[in-house]
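Asker: attaching a predicted model along with its sequence, questions to come.
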Amino acid sequence: MRFELLAEDTGTSARLGRLHTEHGAVDTPVFMTVGTLGNVKGVHTQQLMDVVDAPMLLGNTLHLYLRPGTEVLEHAGGLHGFLKWPRPILSDSGGFQVYSLSAIRSIKEEGVKFKSHIDGSSHFFSPEFSVDVQRSIGADIVMAFDECTPYPCTHEYAAKSMHMTHRWLDRCLLRMERTKALYGHHQELFGIVQGSVYPDLRRQSAEYVAYSNCFGNAIGGLSVGEPSEEMYAMSALVCQILPRHKPRYLMGVGKPEDLLENIARGIDMFDCVMPTRNGRNGTIFTAEGRMNMRNAKWKSDFKPLNDQRLSFLDDWYSRAYLRHLFNSGEMLGGIIASVQNLVFYQWLMAEARMHLAQGSFGPWMRDILPKLKRKL
């Protein structure tokens, strides 16, 4: 596995790159489609391949550990075999899910004890166990186990959590060294920078993670409720410290405008449930803004879903028809909107890469950003 830096924008800190894995190459900046339970909700594998052309999927360690379990995954040959997905996969370590289970978990130096949201059973995740489960999942990229701090939190809490995350990273690295991949392809570990919205902590954490010499580096603990400008500031600060020749991954982001703002600050990789979650709830993202498909204004609008005609969906389904599906409670509405949004996110990343290659990323971003923020 290797990361190739192809070009750097002169007016911003944006980069054009290529991540090479044994399941194929991924051009960056890239948006990874989230398949928490080994599936993207409402979208089957063939659609992800042929319509969305998703270059990379994300599976979640904690959820896959609970269901279907590592025994089933290992019998299937890992998540690639279980899902019949031939392209790269990244596995979230479970740290963010532990954060979201704040009412039913306890965090100690050894790891995290939590209760299953499914049946209330008790479980324990340590950094070592997180790596073991990710070995069973077989993801190309494995994430270090971390604590995602809430927003807001005190400087004292953020510092204590950050230092524990660093110690957990060391334990993950050691576990990776002492274990082997199970399915014949290479796996690499990404460290995670924490520190909430405190510049001194983010700087300290970025330096520690950079020194740990992981294959790639991630930024966690953002997009958890802080103002967008705080996110952008932390992202810019951390990218100035993380190694230039390694991929940078901003976890859990996000809105189309946030993707471009963070690309401009040096981020290469993103993931978020927003395109599918918002799609299931009736929102379509387009290059001209976002549309609430339940609104009466679309009742007799027979134009394509997206003026750019990004996929066959734009020729088959009109805005009026999609509104009819949502207002009739038809599950097909959420499926069409989810696929359409995933197609749009991949189009947006492809446009960003094209303009980076042409040296026109900055002007293009300034032109499209106001449109992406509009509600149509």
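Answerer: The structure has been received and is ready for your questions. Numbering: from 1, shown residues only.

Asker: from here on, just use CA atoms for contacts and neighbour counts.
Answerer: Will do.

Asker: give me the below-cutoff pLDDT ranges for the stretch 251-376 of the chain.
Answerer: Within the stretch 251-376 of the chain, no range satisfies pLDDT under 70.

Asker: now the strands: where do they sit in it?
Answerer: Taking DSSP state E, counting those that start in this stretch as the test, the strands found in the stretch 251-376 of the chain are 269-272, 283-286, 289-292.

Asker: so what are the domain limits for the chain?
Answerer: 2-271, 279-372 (automatic domain parsing).

Asker: mean neighbour count added to those, as CSV?
Answerer: Output for the domains of the chain, formatted as CSV (neighbours: other Cα atoms under 10 Å):
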stretch, mean neighbour count
domain 2-271, 20
domain 279-372, 19
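
Asker: first-to-last residue distance for stretch 289-306?
Answerer: Stretch 289-306 stretches 10 Å from its first residue to its last (Cα to Cα, to the nearest Å).

Asker: contacts for stretch 175-193 next, please.
Answerer: With Cα atoms under 8 Å, 6 or more residues apart in numbering as the test, stretch 175-193 has contacts from 1, 21-22, 77-78, 128, 131, 135-136, 138-144, 146, 169, 173, 202, 205-206, 209, 212, 214-220.

Asker: nearest spatial neighbour of residue 269, skipping sequence neighbours?
Answerer: Spatially, and ignoring its direct neighbours in sequence, residue 269 is nearest to residue 249 (4.4 Å; Cα to Cα, 6 or more residues apart in numbering).

Asker: please apply the same query to residue 352.
Answerer: Distances taken as Cα to Cα, 6+ apart place residue 361 nearest to residue 352, at 6.5 Å, with adjacent residues excluded.

Asker: distance of the one you found from residue 288?
Answerer: In terms of Cα to Cα, residue 361 sits 18 Å off from residue 288.

Asker: what does residue 359 give?
Answerer: 23 Å.

Asker: turn the strands of the stretch 251-376 of the chain into CSV, including distance to residue 89.
Answerer: Listed next are the strands of the stretch 251-376 of the chain as CSV, based on distance: least, Cα to Cα, whole Å:
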stretch, distance to residue 89
strand 269-272, 12
strand 283-286, 25
strand 289-292, 29
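
Asker: for these, which one sits closest to residue 53?
Answerer: Nearest of the strands of the stretch 251-376 of the chain to residue 53, taken as Cα to Cα: strand 269-272 at 15.2 Å.

Asker: so who does the residue lying farthest from the centre of the chain touch?
Answerer: Most distant from the centre of the chain: residue 300, at 35.9 Å, with distances by Cα atoms, centre = their mean. Applying Cα under 8 Å, 6+ apart to residue 300 gives the contacts residue 320.

Asker: likewise for the one 4 residues further on?
Answerer: Under the criterion of Cα under 8 Å, 6+ apart, the neighbours of residue 304 are 314-315, 317-319.

Asker: state the distance from it to residue 321.
Answerer: Applying Cα to Cα, the value for residue 304 to residue 321 is 10 Å.

Asker: is residue 189 in a helix, a strand, or coil?
Answerer: Recorded secondary structure, residue 189: strand (DSSP: H, G, I helix; E, B strand; the rest coil).

Asker: if we can go back for a sec, other SSEs contacting the helix or strand where the residue nearest to residue 269 lies?
Answerer: If you go by DSSP states H and E, residue 249 is part of strand 248-250. Helices and strands touching strand 248-250, by 3 or more Cα pairs under 8 Å, 6 or more residues apart in numbering; DSSP states H and E, are strand 216-219, strand 269-272.
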